[in-house]
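# Turn this into a model:
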Amino acid sequence: MRNFTLTMLVMLFSIVTITAQNVVKGIVINSDSEEPLQGVSVSVKDINSITDVNGVFTLNGLNNGKHVLTVAITGFETQNFPINLTGETIDLGSILMYEDISEDQDLSTITITDDELSDDASSADNISGLLQASRDVYLRTAAFDWSSSFYRIKGLDSENGKVLINGVEMNKLYNGRPQWSNWGGLNDVLRNQEFSNGLAPSNYTFGGVLGSTNINTRASEYREGGRVNYASSNRSYSHRVMAMYASGLMENGWAITAAGSKRYAEEGFTDGTSYNAHSIFVSIEKQINKNHSLNFTAIQAQNNRGKASANTDQIYDIKGIKYNPYWGYQNGKIRNSRIKRVNEPILMLNHYWNIGDKTTLNTGVAYQFGEIGNSRIDFNGGNDPSPTYYQNLPNYFLNSPRDPNNPSSFDYADAYKALTNFKNNGQLNWADLYAGNEIDRNNARFALYEDRNDDRQLTVNTILNTELTDNISLTGSLEYRKLDSENFASVLDLFGATGYLDINRFGTQGADDYQNDLLNPNRVVKKGDRFKYNYNLASQVYGGFAQFQFKYNKVDFYVAGSAHNTSHQRDGLYKNGIFSGNSSSPNATTSFGKSKKLDFFGFGAKGGLTYKISGRHLLDFNGGYISKAPSIRNSFANSRANNLTVAEVSSLENEKIMSFDASYILRTPFVTGRLTGYYTGVQDATDIAFFFISGNNLFIQEVVTGIDKKHIGAELGIEAQVLSTLKLRAAANYGQYTYDNNPNVTIASEVGIKDYGQANLKDYKVASGPQKAYSFGFEYRDPEYWFVGVTGNYLDDAYIDPSPIKRTNNFTIDPNTNTTFTDFDPAVSRRLLAQEEFGGYFTLNAIGGKTWKVGKNKYIGFFASVSNILNEEYKTGGYEQGRTANYQLERDDHAAGNPNFGSNYWYGRGATYFLNVNYRF
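Residues are numbered from 1 along each chain as shown. Okay, the predicted model is just below:
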């Protein structure tokens, strides 16, 4: 027994001696400033150390053998060193960390933000701006390589992700989405971002299913120095100039950062899409003492850009994917009739309070004001001036035979004339508008007007972060948001005339429905006047969230909860003739005065854990339930015309979202990756669409309520450092996003409200961009500071957005007899209602750049990217038109294979480039 004890003691002593004598130490230094770097992570397998204020680190307790030491900190290139431990102390001396210039280059490739967002249809919605701060391989692939296809993470809209500036939420109360153009063109001062993926915890907000991004504009946290750059592109804008300078924190406690930019194009990739934007940014901070600091941020981003339309196959076949009917030449210059104009400055004051060593309180007050305008042409007389009006196109003459007894008796002569005219002159003719108004200048036929939203929003919030113990931290927040929004139409141009009659051209002359405002009947408006509609919206939100995080050696976990009260109300300033509130009229809905006040209580709960099998292998699980109040947009059936709420038309409930995900995460010095399986279920969503119905020429509001959707899939991202200069990357998503029930459809129009019952949408695919995406690429980064990367991408399983009204029982009903069409054929109906799937496609993208050091902390950089090198043509989205809303109309429109009202599509851009030259000092 004594011999056994002695043997065990010797073995234990030997093990302790072997591990205790292995020590690795060194100093980490910034290669540019030659100053020590604090907060650098130095690790060997599961043993970690953080450099102190002098850049010094020490690792103890390492086993003998060969290892890889990893040195990493955000903003610098990660260093990996092979070491061989034999029971001695190894002093690595000074380790130089080189700034990761790829961060600047990567951000330059994102030119989407607001530039590529279509505000007219959710099928072009995109969330790439939300992902700029992510270092995750899959998410960055989605942001940089798949964004041009309007790919959506998990198939979800951007309203499911939160964007904050200094902890203040920027998502709009109107539709829940961030308005990217409110800070567009300010890339260089918006790089300080903290991204939380999915339901993962955030130090600022409860977030959404797609996570959150907090943009930090605190002046003292910008690195001292400046940057000037010029970019050229053929995407949204042709030229961009940006400049910024940051003072850093000065000895007197002040810090100032300022930036400005100008972006311009006569037209972008799509014909006639003009672009003119300028942005300014100022952040000023005063550190009163070590515990208190005040920071003021001001952002103004003015943006005027010409919009483009979705078009039918007929139009694309004749004119190509660059065609845009919204513009024409006026006096030799391009003029677009659909200009989106955004000017909504943001003023923000933040107080940062270090209550103690482990507790901080950030209180912010933000005020945003300004206007958004979307222009279009209105006409009281004459024909629709749009060159793509269906009666101007060949299909109108080939849609049905002239002789019902002769199926082949089409009007080929007029069809050829229409084809020739559209090929040669298929743009908006501004001269015709001026000529049309010459007939009666006091009562113009045509007018250019703007749909205006003038918002004023006040936000107050406070965020507490505290470490309760070494293992437990608490985050809590309270917020209040108040929106006052003026909404009206405003005359921009009368095309040589002096007045325009403010009437509803679809009404009956002399009757109430002829008037847009019964309080001012037959009013003649002039340039700058409000007309058509005029109302205010008021909305308030107050609430907060709390979150606990627990961190231990093997397991990290968190729980969080949120609660918010939301209210919306409309106040009509015009008494619309159709919605006068007169009980003797077919429609007794009111338009003048205040609507019913809508009140909602929303809440959320989420939790998750990370199990650390080792420092290199982790399992991550998250789950949450969110009950979300309807946005203003989805609360009123037709806010421009009346006070009718969706609750009065159908049912209006909180949207419920349940989401789960599970991930395996790999983190080795040479290979990193993540494999995630996810499920998101959406219940009681609401959607509202506006369109005309052929036959009775009714302008209707299609209110779809109780929508359930199911999003299931898997994500993969993996990156391998196969050589010191070469990385291989791969990413994939395999998703299935479907409608999970048959929601209810209600139609509101000037003749009343009708419940159309259920739309048979169950198992139809959700139109959310490609549901399957695959990517593989490489990046070579030379020690001489030049790099090149190439990525191939294959995207598939994108679908048309189906028309709900066509899937109701009304589709089979003859409106003349109120019975099923006598010639109804179920087989033909199934063919007409089959959901269109877009084909898969391959894109090839390349990036490259070079950086030259021209002095201490001075660099000149060049960056270039080419997207869709092979010039692949592909559909990114589309929607079925609802005008042919019954079997007979739809069948007849498609009978000859030349529909007048076929589906509308968006196409991706062809081959495009982006070039950037910058000087940093």
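
# burial count for Pro630?
25 (other CB atoms under 10 Å). C-beta here means a position set from N, CA and C on the backbone, and glycine is covered the same way.

# Quick check, pLDDT for it.
For Pro630, the pLDDT comes out at 96.

# Isn't it up against Ile688?
No - if you go by CB atoms under 8 Å, Pro630 and Ile688 don't touch, sitting 10.4 Å apart.

# okay, and the common contacts of these two?
Common neighbours of Pro630 and Ile688, counting by CB atoms under 8 Å, 6 or more residues apart in numbering, are Val646.

# any idea how far stretch 721-734 is from the chain center?
With CA atoms, centre = their mean, to the nearest Å as the basis, stretch 721-734 stands 26 Å off its chain's centre.

# and that stretch, which residues are buried?
For stretch 721-734, a neighbour-count test (16 or more other CB atoms under 10 Å) marks 721, 727, 729-733 as buried.

# who does Tyr737 bridge with?
His711 (DSSP bridges).

# residues in contact with it?
Per CB under 8 Å, 6+ apart, neighbours of Tyr737: 155, 709-713, 765-766, 768, 771.

# quick revisit: would you reformat the buried residues of stretch 721-734 as a markdown table and include secondary structure and pLDDT?
As requested, those are arranged in a markdown table below (DSSP: H, G, I helix; E, B strand; the rest coil; pLDDT from 0 to 100):
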| residue | secondary structure | pLDDT |
| --- | --- | --- |
| Gln721 | strand | 93 |
| Lys727 | strand | 95 |
| Arg729 | strand | 97 |
| Ala730 | strand | 98 |
| Ala731 | strand | 98 |
| Ala732 | strand | 98 |
| Asn733 | strand | 98 |
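
# hang on, Ala641 packs against Gly577?
No - using CB under 8 Å, Ala641 makes no contact with Gly577, being 10.1 Å away.

# part of a strand, is Arg223?
No - looking at Arg223 with DSSP: H, G, I helix; E, B strand; the rest coil, it is coil, so not inside a strand.

# Quickly note the distance from it to Val28.
Per CB to CB, to the nearest Å, Arg223 is found 17 Å from Val28.

# between these two, which one's more packed in?
Set Arg223 next to Val28 and count neighbours by other CB under 10 Å: Val28 wins out with 25 against 13.

# tell me how far the ends of stretch 396-411 are from each other?
End-to-end distance for stretch 396-411, by CA to CA, to the nearest Å: 9 Å.

# what's the offset of it from the middle of its chain?
For stretch 396-411, the distance to the chain centre is 46 Å (CA atoms, centre = their mean).

# swap in stretch 765-774?
That offset, for stretch 765-774, works out to 16 Å (CA atoms, centre = their mean).

# Can I get that stretch in PDB, CA atoms only?
Taking C-alpha atoms only, stretch 765-774 is exported to PDB below (Å, rounded to 0.1, in the frame of the first residue of the first chain):
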ATOM      1  CA  LYS A 765     -45.000  28.900 -51.100                       C
ATOM      2  CA  VAL A 766     -44.400  32.300 -49.500                       C
ATOM      3  CA  ALA A 767     -42.900  34.800 -52.000                       C
ATOM      4  CA  SER A 768     -39.700  35.500 -50.000                       C
ATOM      5  CA  GLY A 769     -36.900  35.300 -52.500                       C
ATOM      6  CA  PRO A 770     -34.900  32.100 -53.200                       C
ATOM      7  CA  GLN A 771     -35.600  29.400 -50.600                       C
ATOM      8  CA  LYS A 772     -32.500  27.500 -51.500                       C
ATOM      9  CA  ALA A 773     -29.100  29.100 -51.900                       C
ATOM     10  CA  TYR A 774     -25.500  27.700 -52.200                       C
END
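
# could you pull out the strands for the stretch 401-550 of the chain?
446-467, 472-493, 500-501, 524-525, 530-551 (DSSP state E, counting those that start in this stretch).

# what would these look like in JSON lines with distance to Asn160?
What follows is the strands of the stretch 401-550 of the chain, written out as JSON lines (distance: least, CB to CB, whole Å):
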{"stretch": "strand 446-467", "distance to Asn160": "20"}
{"stretch": "strand 472-493", "distance to Asn160": "18"}
{"stretch": "strand 500-501", "distance to Asn160": "42"}
{"stretch": "strand 524-525", "distance to Asn160": "41"}
{"stretch": "strand 530-551", "distance to Asn160": "16"}
